[in-house]
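Undergrad: got a predicted structure plus its sequence, pasted below:
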Amino acid sequence: MTGRLGTVLVTVLIALYSSSAFAQSSRLRVPVSVDTLPNGLTLIVHEDHSVPTVAVNVWFHVGSGDEKPGRTGFAHLFEHLMFMGSEHAPYPNFDRLLEAAGASNNGTTDNDRTSYYEWGPSNAASLMLWLEADRMGWLLPTMDSAKLDAQREVVKNERRQGVENQPYGLAEDILSPALYPATHPYSWPVIGSMADLSAASLDDVKNFFRQYYAPNNAVVVVAGAVNTDSVQRTVRQLFADIPRGPAISRPAPSPFTVRDTVIVAEDQVQLPRLYLAWHGVRQYHADDAALDVAQYLLSGARNARLTGALVYQQEIANDIRASNDAKKLDGDFNIVATARPGKTLNDVRAAIERELARLAADGPTPRELEQARNAIESSFLNRLEFVNAKAEQLNQYYYATGNPDHFEQDLERHRTVNAMDVKRVVATYLTGPRVTLSIVPKGKRELAATRETAQ
């Protein structure tokens, strides 16, 4: 829908949503029980009987940020190894048993944690917990060189497909070490390097497991149509005999200042792409929510500042995306844009800088700010319709804040962002030193961006 009628409809919907009883008065609650076993395992249970499904979500507090230079990629490698069978559920029984029960499973790794999760009918909850307990406590007896070598090759192939042979994929290897100092735990990619994956020995991998995959470094969330007392009894029966692991020390990274850096890389691509990266803030920093709002204002909608100007009005970019990547220890803010045929990345860079300078000087309009806050709230609430997403969020909140039911506080910090907050964070974080990376077609370095400022 376009034209005046569409504009009026959007205005009416925004007004109705903003004045809704939920948006103004109701407090969002996701009630939970938190239990800690003697071996240090934390159990969080959320009962939700709206549909007869359950999600089991296990976080090990280990990610690529816990690795060491020369030994990178271990956390992601274990995301694969954990599906290779354990003492009482040999490969491929983990998948087969869940599939027979009508359930599914998966895992993800990032800088700060590794997440394993299952979801399916509520009567499969005990099976899910039994499988998770077996691989937490009895994986190492079945770990051998053949399994390691097989999954090492899988991860290497994943790296080839996603980084080395993927158009623009080499940005993953370039940006992190350019933005973060070599001693910073975020200065290497989550997937690790080929050299480190090749060098990993069976003893290296087993020692990594003993250090980080212990109950005192794990949180189990069970969410869905379950009984809390029953889940607590089951978890104690299944997990209590798994011994506590060693204490883990995570020193805070030293403060640093980004140096203005310009990098040009050639790749087998048709169009040049620009990456701008700034040092941002960690999760739940006082400026994190305002940077989330700035992200939406820049590229979150068709009429966003960068999307509207560069893609639809000036027609110098095919696509553009802003992202506020706030992590547990630190964060970065990124803008990525692909130039249209016949346009250089200097054209794109200059247009981005003009829009950032305008937003930093004038801030968003009241309408823009209301749209951003409503869109963020709508997306937030939509995720809560899915028990699997709720379980993941409970785990994330617990790790980051110590309170699994942090939903209302998280929502409120975004609701209260104002125009002055946006002006301040854009001026503070997005107009200073940065990493400027141009990925251009082979032999077309003249299409790259320089570091001139907009006039």
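TA: That came through, no problem. Residues are numbered from 1 along each chain as shown.

Undergrad: give me the pLDDT value at residue 25.
TA: At residue 25, the pLDDT value in this model is 43.

Undergrad: then the one 5 residues further on?
TA: Model confidence at residue 30, expressed as pLDDT, equals 96.

Undergrad: tell me the contacts of it?
TA: By Cβ atoms under 8 Å, 6 or more residues apart in numbering, residue 30 lies in contact with 46, 384, 390, 394, 404, 405, 407. (Glycine included, C-beta is placed from N, CA and C.)

Undergrad: surely the fourth one meets residue 56?
TA: No - at 11.7 Å, residue 394 and residue 56 do not qualify as touching, with contact defined as Cβ atoms under 8 Å.

Undergrad: find the residues that touch each one of those two.
TA: Contacts common to residue 394 and residue 56, judged by Cβ under 8 Å, 6+ apart, are residue 221.

Undergrad: is residue 283 in a helix, a strand, or coil?
TA: Look at residue 283: counting by DSSP: H, G, I helix; E, B strand; the rest coil, its state is coil.

Undergrad: same deal with residue 152?
TA: The three-state label given to residue 152 by three-state DSSP is helix.

Undergrad: next, count neighbours for it.
TA: Residues within reach of residue 152, counting by other Cβ atoms under 10 Å, total 19.

Undergrad: quick one: it from residue 192, how far?
TA: 11 Å (Cβ to Cβ, to the nearest Å).

Undergrad: now the helices for the stretch 151-300 of the chain?
TA: 171-179, 194-199, 202-212, 228-239, 288-299 (DSSP state H, counting those that start in this stretch).

Undergrad: now residue 205. Nearest residue, chain neighbours left out?
TA: Leaving aside its chain neighbours, residue 205 sits nearest to residue 148 (5.8 Å; criterion: Cβ to Cβ, 6 or more residues apart in numbering).

Undergrad: contacts only, for that neighbour.
TA: Residue 148 neighbours (Cβ under 8 Å, 6+ apart): 81, 200, 202, 205.

Undergrad: show the pLDDT at it.
TA: 96.

Undergrad: from residue 90, how far out is it?
TA: According to Cβ to Cβ, residue 148 and residue 90 sit 16 Å apart.

Undergrad: residue 59 now?
TA: According to Cβ to Cβ, residue 59 and residue 90 sit 25 Å apart.

Undergrad: when the two are compared, which one has more neighbours?
TA: Per other Cβ under 10 Å, whichever of residue 59 and residue 90 has more neighbours is residue 59, with 25 against 12.

Undergrad: how many neighbours does the closest residue to the more buried one other than its chain neighbours have?
TA: Counting by Cβ to Cβ, 6+ apart, residue 59 lies nearest to residue 395, which is 4.5 Å off, once chain neighbours are set aside. The tally of other residues near residue 395 (other Cβ under 10 Å) stands at 25.

Undergrad: buried ones in the host helix or strand of residue 395, by neighbour count?
TA: Secondary structure assignment for residue 395, by DSSP states H and E: helix 387-401. The neighbour-count check on helix 387-401 (16 or more other Cβ atoms under 10 Å) flags 387-400 as buried.

Undergrad: go on, stretch 372-379?
TA: Neighbour counts over stretch 372-379 (16+ other Cβ under 10 Å) mark 372, 373, 374, 376, 377 as buried.

Undergrad: can you check stretch 443-450 too?
TA: Under 16+ other Cβ under 10 Å, the buried positions of stretch 443-450 are 447, 448, 449.

Undergrad: just the terminal-to-terminal distance for that stretch.
TA: Start and end residues of stretch 443-450 are separated by 17 Å (Cα to Cα, to the nearest Å).

Undergrad: pLDDT wise, what is the residue nearest to the spatial centre of the chain at?
TA: The residue lying closest to the centre of the chain (Cα atoms, centre = their mean) is residue 110, at 6.6 Å. Looking at residue 110, its pLDDT reads 98.

Undergrad: I figured it was touching residue 62, is that so?
TA: No - counting by Cβ under 8 Å, residue 110 stays clear of residue 62, with 10.5 Å between them.

Undergrad: next, count neighbours for residue 341.
TA: A count of neighbours around residue 341, defined by other Cβ under 10 Å, yields 8.

Undergrad: what ranges does the stretch 301-450 of the chain have for its helices?
TA: Using DSSP H, counting those that start in this stretch, helices in the stretch 301-450 of the chain cover 305-306, 345-362, 366-383, 387-401, 407-415, 419-429.

Undergrad: and the shortest one, what does it pack onto?
TA: Taking 3 or more Cβ pairs under 8 Å, 6 or more residues apart in numbering; DSSP states H and E as contact, the helices and strands that helix 305-306 lies on are helix 288-299, helix 345-362.

Undergrad: then the last one?
TA: If contacts are counted by 3+ Cβ pairs under 8 Å, 6+ apart, helix 419-429 sits against helix 288-299, helix 345-362, helix 366-383.

Undergrad: one step back: mind putting the helices of the stretch 301-450 of the chain into TSV with mean pLDDT and distance to residue 174?
TA: TSV is the format used below for the helices of the stretch 301-450 of the chain (pLDDT from 0 to 100; distance: least, Cβ to Cβ, whole Å):
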stretch	mean pLDDT	distance to residue 174
helix 305-306	98	22
helix 345-362	98	15
helix 366-383	97	30
helix 387-401	97	28
helix 407-415	97	32
helix 419-429	98	21
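
Undergrad: which stretch among those helices comes nearest residue 157?
TA: Taking Cβ to Cβ, helix 387-401 is the member of the helices of the stretch 301-450 of the chain nearest to residue 157, at 26.8 Å.

Undergrad: contacts for the closest one, please.
TA: Under the contact criterion Cβ under 8 Å, 6+ apart, helix 387-401 has outside partners 30, 32, 34, 42, 44, 46, 48, 51, 53-57, 59, 61, 112-113, 115, 117, 119, 219, 221-224, 283-284, 328, 383-384, 403-407, 409-410.

Undergrad: equivalent analysis for stretch 305-320, please.
TA: Residues outside stretch 305-320 that contact it (Cβ under 8 Å, 6+ apart) are 271, 297-299, 301-302, 322, 335-340, 343, 347-348, 351-352, 355, 358-359.

Undergrad: buried only: go through the residues you listed for me.
TA: The buried subset of the contacts of stretch 305-320 (16+ other Cβ under 10 Å) comprises 271, 297-299, 322, 335-340, 343, 347-348, 351-352, 355, 359.

Undergrad: host element of the residue nearest to residue 205?
TA: helix 145-159.

Undergrad: now do residue 119
TA: Element membership for residue 119 (DSSP H and E) is strand 114-121.

Undergrad: can you list the buried residues in that strand?
TA: Of the residues in strand 114-121, 114, 115, 116, 117, 118, 119, 120 count as buried by neighbour count, 16+ other Cβ under 10 Å.

Undergrad: quick check: of the residues you listed, which lies closest to residue 416?
TA: Looking across the buried residues of strand 114-121 and measuring by Cβ to Cβ, the closest to residue 416 is residue 115, at 29.4 Å.
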